[in-house]
Every structure is written in structure tokens, then in C-alpha cells.
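Undergrad: from the sequence below, what's the structure:
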Amino acid sequence: MKLTVIGTGKIVEEALPVLSETKGIELKAIVSTKRSFDKAKALSQLYEIPHFYDQLEEALEDANSDTVYIATPNHLHYEMAKAAILAGKHVICEKPFTLELAQAQELAELAKQKQLMLLEAITNQYLENFSLIKEQLPELGDIKVVDCNYSQYSSRYDAFKDGVIAPAFDPEKGGGALRDLNIYNIHLVVGLFGEPEHVAYLPNMERGVDTSGVLLLDYAKFKVVCIGAKDCSAEIKSTIQGNKGSIAILGATNTLPEIQVTKNGEKPQVFNANQGNHRMVAEFQVFQEIIALKDYARAQAALNHSLSVMKVLEKASESLS
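TA: Purely as a prediction, here's the structure:
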């Protein structure tokens with residue numbers, strides 16, 4: 001994979017050390033805004049990236065790369081992904097894929113026409129502990145209740161209350177707790193159980209954006225509650241309860257750091273099968289394999305999952321308007 005990285009924000013600063021050490025990935029370029037050009041230049045020097053641009057169009061014309069990684073604010077994902085596909089590049093896009101389901105469906109169809117890979121960078125689907133949870137699910141018997149809580153007081157919330165609106169709290173830029181934190185809960189649940197029958201979102205709204213909220217997913221035979229909050233904190237934990245036992249995720253749904261399995265009448269057992277030191281290691285290893293092997297079947301399966309998540313997100317977003 002010959003990779004162009006689009007963006008210079010916090011997520012890129014986290015990703016670059018992983019990308020630079022992942023076998024099979026060659027960092028070819030980094031793209032920034034004019035305002036962040038000096039930062040892009042510094043990052044290119046630090047990670048030995050040969051090219052840096054402040055114009056996306058110019059970067060997409062660079063024949064030295066075959067894949068782009070889009071790590072920009074949410075509202076830019078669709079237009080940048082579309083431009084990259086039209087330029088003949090494979091696309092890895094940060095979550096949430098797009099702001100609207102129709103946008104994601106359009107990109108999927110366009111990538112299919114161009115015979116290109118379109119992948120969403122969503123960490124929990126590729127972590128070894130996610131596979132472990134799937135393996136352990138049958139041991140729980142009939143699933144009855146699932147609750148996921150990813151509540152983390154944002155460092156930008158105080159400024160937001162004072163009227164300083166960062167992209168993470170800007171409704172025009174796809175900000176808010178649903179797309180920033182609860183999206184990980186949605187990916188986890190849909191990855192394990194598929195699409196729910198009914199979706200309802202109960203947001204706490206401030207200045208037109210959901211600073212926290214409760215998402216209800218009805219799977220007919222069992223119910224799911226997903227909490228995401230940027231305006232308050234609590235123990236970050238998720239639990240899957242069945243009539244024969246439970247699985248607790250001891251930590252955030254984007255890292256799945258430890259898994260506690262408790263069968264009825266037995267002592268809890270704690271597992272951690274994750275191999276990488278950083279949550280992004282597993283996903284980029286898989287992306288590299290998919291693109292190198294031209295594994296369209298695996299790419300399509302991942303894309304189908306992302307589209308299912310977008311359907312849930314679309315229904316939940318109706319409560320934000």
C-alpha cells in the first residue's frame with residue numbers, strides 16, 4: 001500500500017507512528033490545509049514522508065500513491081472520498097463514514113464501478129478481542145440485554161459552553177456525541193448482532209448539538225442501550241447479558257482492552273487477546289492485506305457492515321433535526 005494521508009489533526013498524529021511501522025505500508029504523502037502546512041511539513045520530516053501538499057487535487061494527481069487515508073472532520077469525508085475514488089485511489093476513511101446514508105451508498109457504488117477498495121477505519125471490528133467476544137457469545141445462551149456506555153468528558157466542552165465551537169461540537173460539521181463516541185457502540189453491536197428492527201435516539205441538546213444521548217436498539221428478542229456522552233463522565237464499560245452468563249468489556253468500545261466472561265454460577269474470567277500496543281495496529285494490518293491481495297470479498301464484507309451502521313446512524317440522526 002502506497003499511502004497518502006489527508007489531515008494533520010490528533011487522529012493523524014496517533015496514526016502516523018502505527019502506519020510508519022506497519023509492514024507493507026509506504027507513506028508517500030501528507031495533505032493539509034494552508035493553515036496547517038507547516039505542521040504537515042514537520043510531520044513529513046519526522047516520518048520521512050517524501051511529499052506534502054496543501055491542495056487535495058494536487059495530491060490526488062500524484063501517481064506515487066495508490067491509497068488515501070482520510071482523517072479530516074466528519075463533514076469532509078464524503079467529498080474527499082469521492083474525489084479520491086474518481087482519481088483512481090483506494091480509500092480508507094475515518095468514522096463516521098459519511099453524514100448521510102445516501103452519501104455512503106453513492107461512494108460504495110462508485111468504488112464498485114471503479115473496482116477500488118472503500119474501507120472505514122473503525123478499530124473495534126479488527127481487534128482480536130472483538131473476535132474473542134464473537135467466539136464467546138454462544139456460551140451466554142439467549143441474549144437478553146446489552147448496554148454500552150462510552151462517556152468521556154470532553155476537554156473542549158467548557159470552551160463549547162463559552163461559545164467556542166470546535167468541529168467535535170459543531171452540528172454543521174457532523175459533531176456531537178452520537179457520531180463521535182456512540183458510533184463505536186453502534187459498530188460493536190451491529191458487528192455482533194446485525195441490524196436492529198427499531199432505532200430511537202434520545203439526545204441531550206445544547207446549541208443545536210447532542211452533547212450526550214441514549215440510543216435504543218430493538219432486536220425483538222433482546223434490547224440494547226448505547227450511551228455516548230461528551231458532557232459528563234462515568235465508568236466506561238459494556239455488558240452483554242444472556243440467560244447463561246455475561247460478557248463485560250472493561251473499557252471503551254474503540255479499544256476493547258479486556259473482556260470478562262462470567263458464566264452462571266462460575267467465577268469471572270478476564271481475557272485480553274489484543275496483539276498491538278495501539279488500537280489502530282490491527283485495522284491497518286488488515287487494510288494492508290486486503291489491498292495487497294486485492295481481496296474484494298473481504299473489502300465488500302467490511303463495506304456492507306459500514307452501510308448497516310450508516311442505516312442505524314441515519315435513523316438515530318432524525319432526532320437531531
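Undergrad: which residues in this protein form helices?
TA: 10-21, 37-46, 56-60, 77-86, 101-114, 128-136, 157-161, 177, 183-193, 280-293, 296-317 (DSSP state H).
Undergrad: list the buried ones in the second one?
TA: Read that as helix 37-46. The neighbour-count check on helix 37-46 (16 or more other C-beta atoms under 10 Å) flags 39-41, 43-44 as buried. All C-beta spots, glycine's among them, are computed from the backbone N, C-alpha and C.
Undergrad: of those residues, closest to residue 256?
TA: residue 43 (28.3 Å; C-beta to C-beta).
Undergrad: can I assume that closest one is in contact with residue 49?
TA: Yes. The pair residue 43 / residue 49 is scored as a contact, 7.0 Å apart, by C-beta atoms under 8 Å.
Undergrad: and the pLDDT for the residue lying closest to residue 80 once chain neighbours are set aside?
TA: Closest residue in space to residue 80, ignoring its immediate chain neighbours: residue 70 at 5.1 Å, by C-beta to C-beta, 6 or more residues apart in numbering. pLDDT for residue 70: 98.
Undergrad: gap between residue 70 and residue 103?
TA: To residue 103, residue 70 is 13 Å away according to C-beta to C-beta, to the nearest Å.
Undergrad: more neighbours: these two, which one.
TA: Ranked by neighbour count (other C-beta atoms under 10 Å), residue 70 and residue 103 place residue 70 first, with 25 against 17.
Undergrad: could you give the bridge partners of the more buried one?
TA: residue 6, residue 93 (DSSP bridges).
Undergrad: surely it meets residue 94?
TA: Yes. The pair residue 70 / residue 94 is scored as a contact, 6.2 Å apart, by C-beta under 8 Å.
Undergrad: for the residue nearest to residue 80, what are its contacts?
TA: 6-7, 76-77, 80-81, 84, 91-94 (C-beta atoms under 8 Å, 6 or more residues apart in numbering).
Undergrad: let me know the closest of the residues you listed to residue 249.
TA: residue 94 (21.8 Å).
Undergrad: wait, that closest one touches residue 77, no?
TA: Yes. Residue 94 is within contact range of residue 77, at 7.0 Å (criterion: C-beta under 8 Å).
Undergrad: who has more neighbours out of the two?
TA: Neighbour count, other C-beta under 10 Å: between residue 94 and residue 77, residue 77 has more, with 26 against 21.
Undergrad: so how far is residue 310 from the more buried one?
TA: 11 Å.
Undergrad: mutual contacts of the two, please.
TA: Jointly contacting residue 77 and residue 310 under the rule C-beta under 8 Å, 6+ apart are 96-98.
Undergrad: so which of these is surrounded by the most neighbours?
TA: Going by other C-beta under 10 Å, residue 97 tops those with 29 neighbours.
Undergrad: quick one: contacts for that residue?
TA: 77, 104, 107, 120, 306, 309-310.
Undergrad: quick check, nearest of the residues you listed to residue 183?
TA: Closest to residue 183, out of all of the contacts of residue 97 and judged by C-beta to C-beta, is residue 309, at 7.5 Å.
Undergrad: who's in contact with that closest one?
TA: Going by C-beta under 8 Å, 6+ apart, residue 309 touches 96-97, 122, 183, 186-187, 190.
Undergrad: let's see that with 7 Å instead.
TA: Neighbour list for residue 309: 186-187, 190 [criterion: C-beta atoms under 7 Å, 6 or more residues apart in numbering].
Undergrad: ditto for residue 173
TA: Counting by C-beta under 7 Å, 6+ apart, residue 173 touches 73-75, 167.
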